[in-house]
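Peer 1: give the three-dimensional model of this entry:
(chains A and B)
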Amino acid sequence: MPSSVSTLTEERTEEAAPPPPKSSSGCRRWAAWASVAWFLVPALVLFLVFVLAPIVVAVWTGFFKWGGIGPMDDFVGFGNYTKLFDDQVFLGDLGRGLYLILMSVLVQLPFALFTAVLLNQKLRGRAVYRMLFFAPYILSEVVTAVLFTMIFLPGAGMADHLAGFFGLEGLQGKWLADPSTVMPTLFVVMIWKYFGFHMMLFLAGLQSIPSEILEAASIDGAGAWQRFRHITLPLLGPTIRISVFLSIIGSIQLFDLVWVMTAGGPNHSSETMAIAMFQFGFKRYQVGYASAISVVLFMISLVFSLFYQRYVLRRDLTGAVTSGGGR
Amino acid sequence: MNARRTVRGLSLHAVVWLISAFVAVPLLYAVISGFKSTAELTNNPFGLPEHWKIGNYTGILGDGMFWRQIANSAGIAIGTTICTVVASAMAAFVLARYAFRGRELFYTLFTIGLMFPFAVAVLPLFLMLRTFGLLDNPLGVILPQAAFGLPMTIVILRGFFRTIPAEIEEAATMDGCGKFRFFWQILLPMARPALGTVSVLAVVASWNNFFLPLLVFNDPKWQTVPVGVQQFQGQYSTDFALVLAYIVLAMVPALAFYAVAERQLIGGLTAGATKG
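Peer 2: Numbering: from 1, shown residues only, chains lettered A, B, ... in the order given. Below is the predicted model:
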């Protein structure tokens, strides 16, 4: 083995890093470290400064009552947090976040899976359908939001005309403008924009299922539903678990769509945590309080992610067939 | 039997068409409405325009502000992509191919970033950028976007770099090729497909970002497309047809990019999701 840096070239295994070669002198080892560091530093600096440091800043700022300008000297400890959890509107924000999560997981994902199964069959023009269903995902949330603001515009929008056509006059003029309909309306827009993404994930998963298994089951007399329930669904387990994870993280941080369509209104009835943070931080200049909201948002995502990765995604490391087939 | 199959095929198509209508009708509505006057749009929301009015579209296309926003978005997307991909490729290279103490720790650190919603960081980021004097400066958007793009990019590239056989590097070393030259002249050219994928993802994420440009840019001359769309809607909120024409034009670059880079985009998203 040449004793240059490349002695450290790793054999491609999943084992832990081998100890540095004993033969290399301290100077050489330092040179090896320096060149590794040279490659690592740009990403590390960017990451520390713009991803991790903001979290620290948010935690620190969250302990102060501060308007955003001037000295930060009014230390209130956990005051912002106790105020936060006494605030009915903020508790409502948490509830609305939960609503979006549940709707995404229980309505959007089954719909996406249904579409994926549909387009996984022999169907003329399925490449076109796939491309069409995925297209909204490419659009920015702002463009989507403005489009649907126009569609749901009271009086002049397409939705009111459609409601009139189908005899649903009760909905006319409501949609985004009424507290009782604003959340379901937002959710429809969410589905429109995001189901195609999950459909693509499911399609990739479906295509990795060997057709021999399904054929064998078919020969053994399993019907379409049985094949789906006992073969496709379990084998799709890892994809479904990732999909659930992504749609939950996405729902927790939903901002652009809501901000442009309703700004959290009418009367807080569509406010999410990210909207509340923005309102307090940038409109009402209660930066300390808004930072506390950021920290709560962060803690919720962190705890959820760690929990999910530890208890749900971990199974996928042992292989989909062994984990899913038994149940 | 044959009849049953036909019925099944028909109902299958009916369902697919129904979903297609759900997706396509809002888009078509916007495109067609853009050709109407607002007065006509209110009276005749669904039909084709009686007089195809191209003034909405041509008016926007003749406005320098629209092109300015496109140029800003494109410049920021390119800057973000270069920063993310270069920094990630370098880090992924050593994280994939060299054994050094703390390697897994560094890798885990980066993957933790996958769990952070961007919304969490936006307020403190704004405070920091203000302190650094990076407000109304494209770097104030480019650098944070690049930083938030790192985790996914590193995960995808590290996976790809691991598949390049160690023999190639050994042979290069024997021929006197140093680590840096190996990285630039051998590894990166070999990784072109993976680099294409992560670049496409970075471009799309940057192009669609709204939160950060909204906060960082006060000066209208820096406005990006999403911020411009929101502003335009606020400004012309009663001229529905004009607003719809504007968003149709704002969609075109993204959809054109999708048409060109569909494979990289979908491949990258599914790979990123399953590996992340």
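Peer 1: closest to the centroid, which residue in the chain?
Peer 2: This is for chain A. What sits nearest the mean C-alpha location of chain A, by CA atoms, centre = their mean, is residue A:250, with 2.5 Å.
Peer 1: wrong one, chain B
Peer 2: residue B:204 (0.9 Å).
Peer 1: so who does that one touch?
Peer 2: Counting by CB atoms under 8 Å, 6 or more residues apart in numbering or on different chains, residue B:204 makes contact with A:138, B:254, B:257, B:265. Where you see a C-beta, it was placed from the backbone N, CA and C, and this is true even at glycine.
Peer 1: I'd guess the third one is in a helix, am I close?
Peer 2: Yes - read with DSSP: H, G, I helix; E, B strand; the rest coil, residue B:257 is one of the residues of a helix.
Peer 1: the host helix or strand of residue B:130: how far from the chain's middle?
Peer 2: If you go by DSSP states H and E, residue B:130 is part of helix B:118-132. Averaging C-alpha positions (CA atoms, centre = their mean, to the nearest Å) puts helix B:118-132 21 Å from its chain's average.
Peer 1: and for stretch B:101-115?
Peer 2: From the chain centre to the centre of stretch B:101-115 is a distance of 24 Å (CA atoms, centre = their mean).
Peer 1: now tell me which helix or strand of the chain has the poorest mean pLDDT.
Peer 2: This is for chain A. helix A:320-324 (a mean of 30; mean pLDDT, DSSP states H and E).
Peer 1: that answer is for a different chain, and I need it for chain B
Peer 2: That would be, for chain B by mean pLDDT, DSSP H and E, helix B:38-43 at a mean of 80.
Peer 1: against which helices or strands is the helix or strand that that one is followed by packed?
Peer 2: Following helix B:38-43 in sequence order, the next helix or strand is helix B:55-61 (DSSP H and E). Applying 3 or more CB pairs under 8 Å, 6 or more residues apart in numbering or on different chains; DSSP states H and E, one finds that helix B:55-61 contacts helix B:240-275.
Peer 1: quick check: mean pLDDT of the helix it packs on?
Peer 2: The pLDDT scores in helix B:240-275 average 85.
Peer 1: near chain B, which residues of the stretch 201-327 of chain A? Just list them.
Peer 2: Within reach of chain B by CB under 8 Å from any CB of the partner chain, the stretch 201-327 of chain A has these residues: A:201, A:204, A:238-239, A:242-243, A:246, A:249, A:252-253, A:255-256, A:260, A:273-274, A:277-278, A:281-282, A:287, A:290-291, A:294, A:297-298, A:301-302, A:305-306.
Peer 1: now which of those would you call buried?
Peer 2: In those, burial by neighbour count holds for A:201, A:204, A:238-239, A:242-243, A:246, A:249, A:252-253, A:255-256, A:260, A:273-274, A:277-278, A:281-282, A:287, A:290-291, A:294, A:297-298, A:301, A:305, counting by 16 or more other CB atoms under 10 Å in any protein chain shown.
Peer 1: tell me, how many residues neighbour residue A:80?
Peer 2: When neighbours are counted by other CB atoms under 10 Å in any protein chain shown, residue A:80 registers 24.
Peer 1: element containing it, please.
Peer 2: Using DSSP H and E, residue A:80 sits in helix A:79-86.
Peer 1: wondering if that helix reaches chain B at all.
Peer 2: No - shown here: helix A:79-86 not in contact with chain B (CB under 8 Å from any CB), separated by at least 12.9 Å.
Peer 1: ok, then the element right after that helix?
Peer 2: Counting by DSSP H and E, what follows helix A:79-86 is helix A:88-103.
Peer 1: same for that next one, what does it pack against?
Peer 2: Where contact means 3+ CB pairs under 8 Å, 6+ apart, helix A:88-103 is packed against helix A:182-207, helix A:237-252, helix A:273-278.
Peer 1: helices or strands up against the first one?
Peer 2: In this structure, helix A:182-207 makes packing contacts with helix A:88-103, helix A:109-119, helix A:126-138, helix A:141-151, helix A:237-252, helix A:256-261, helix B:2-33, helix B:240-275, judged by 3+ CB pairs under 8 Å, 6+ apart.
Peer 1: any chance of the helices and strands packed on helix A:88-103 in CSV with mean pLDDT as columns?
Peer 2: Below are the helices and strands packed on helix A:88-103 laid out as CSV (pLDDT from 0 to 100):
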stretch, mean pLDDT
helix A:182-207, 92
helix A:237-252, 89
helix A:273-278, 92
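Peer 1: I am finished for the moment; much appreciated.
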